[in-house]
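> Sharing a model prediction with you, sequence too.
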Amino acid sequence: MALVHPPGLTRFRTHDLPGARRLAGWEEHNARALVGLRVETDRPFEGTEVNLALPRLRVARVSGSPHVVERDVRQIAEHPADGVVVYFSLAGESRLEHRGGSELVLPGQALVLDGDRSFRREFSDGLTELVLKAPRRGPVRPQVFSFEDNVHARTLVSALSGALRGPADWDGLERIATDLLDALLGTRSPTADLAAAHAFIAAHLHEQELCAQRIAAAIGYSERHLSRLFAKSGQSVPQAILNARLDAARRLLGEPIPLAEVGVRTGFVSQAHFSRTYRARFGTTPRQDRAALRS
């Protein structure tokens, strides 16, 4: 049963179907919402899927018990994907078999496939993964890589995960996700690099030594290019870091932690500096803002 959530989101659970209909229902749902697959299992199957349908992209978070899926000639003919499919493994390893050989995909790794080429995947311990289907812009060969070691891939995973949790800027998400995917497939863009840079900043706010040099190294550009990238967006790299720290600090004020810890968690060198820059940005002190939140 597909339950309607905020605009663009649906949830599907095999648990809502009679036992005899679960595998067929899972196949039918995936053919409509994502990629047509044939499912095999020798034990009772349970699966859940949260789906997001955008004009050009399909996104899903998939969890399931042990099973095997196959995309064969018949599935491709009946349900053409017309695109590339990326699987981001979050839990459970899988074995991929394709025309070129076989691959083991571990949690923390991403698998890129042409949606209209035959493949078989075995999940011996079940799975949880994010899936992105996008238009194909050129030849796609099967590849496996670590998304934990790739700032563009981590940024894409974060963006997709956030969108599947509830309402979002769907148009903005589609643009950023498309640019980030292009970067992973070899075509980089300023939008993708800027998104990756902001994501790196957000992940390292607590580090006082966070600077342009570290960000540039993470996204694979020179400091000069990074500075130009941020300048075109209307701020310098130091301004972007400071604004991200202040925004994060303001969010933390709602948590039951000391103000000093708020400053430490967001990378401020001293409470005086934290309070001074906070007031310059928001027109009030952190203590006053917290009191207002509590009242």
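That came through, no problem. Treat the numbers as computed from the prediction; the structure is a model and nothing was measured.

> pLDDT weak spots in the stretch 101-250 of the chain?
By pLDDT under 70, the weakly predicted segments of the stretch 101-250 of the chain are 167-168.

> in it, which spans are strands?
Using DSSP state E, counting those that start in this stretch, the strands of the stretch 101-250 of the chain run over 101-105, 109-114, 119-123, 127-135, 143-146.

> so who does the residue most central in space within the chain touch?
For the chain, the residue whose C-alpha lies nearest the mean C-alpha position (C-alpha atoms, centre = their mean) is Val157; its distance is 1.7 Å. Remark: with contacts taken as C-beta atoms under 8 Å, 6 or more residues apart in numbering, Val157 is in contact with 88, 130, 147. Any C-beta I mention is one placed from the backbone N, CA and C, and that applies to glycine too.

> can you pick the most crowded of those?
Within those, most neighbours by other C-beta atoms under 10 Å means Phe88, with 23 neighbours.

> how about the nearest residue to Leu90, chain neighbours excluded?
Ranked by C-beta to C-beta, 6 or more residues apart in numbering and with sequence neighbours excluded, the top spatial neighbour of Leu90 is Thr128, at 4.5 Å.

> now Leu96
Glu103 (4.4 Å).

> wait, isn't Asp116 in contact with Ile76?
Yes - counting by C-beta atoms under 8 Å, Asp116 sits close enough to Ile76 to count as a contact (5.3 Å).

> Who has more neighbours out of these two?
When Asp116 and Ile76 are compared on other C-beta under 10 Å, the one with more neighbours turns out to be Asp116, at 19 against 16.

> sorry, back to before: any idea which of the contacts of Val157 is the one closest to Arg294?
Leu130 (36.6 Å; C-beta to C-beta).

> so that closest one touches Ala91, yeah?
No - using C-beta under 8 Å, Leu130 makes no contact with Ala91, being 11.1 Å away.

> wait, what's in contact with the closest residue in space to Ala240 that isn't next to it in sequence?
Leaving out its chain neighbours, the residue that sits closest to Ala240 by C-beta to C-beta, 6+ apart is Phe230, at 5.7 Å. Phe230 sits next to 194, 197, 236-237, 239-240 when contact means C-beta under 8 Å, 6+ apart.

> just Arg71 next, same as before
If you count contacts by C-beta under 8 Å, 6+ apart, Arg71 has them with 35-38, 115, 117-120.

> Narrow these to those that are buried.
Buried by 16 or more other C-beta atoms under 10 Å: 35-37, 115, 117-120, out of the contacts of Arg71.
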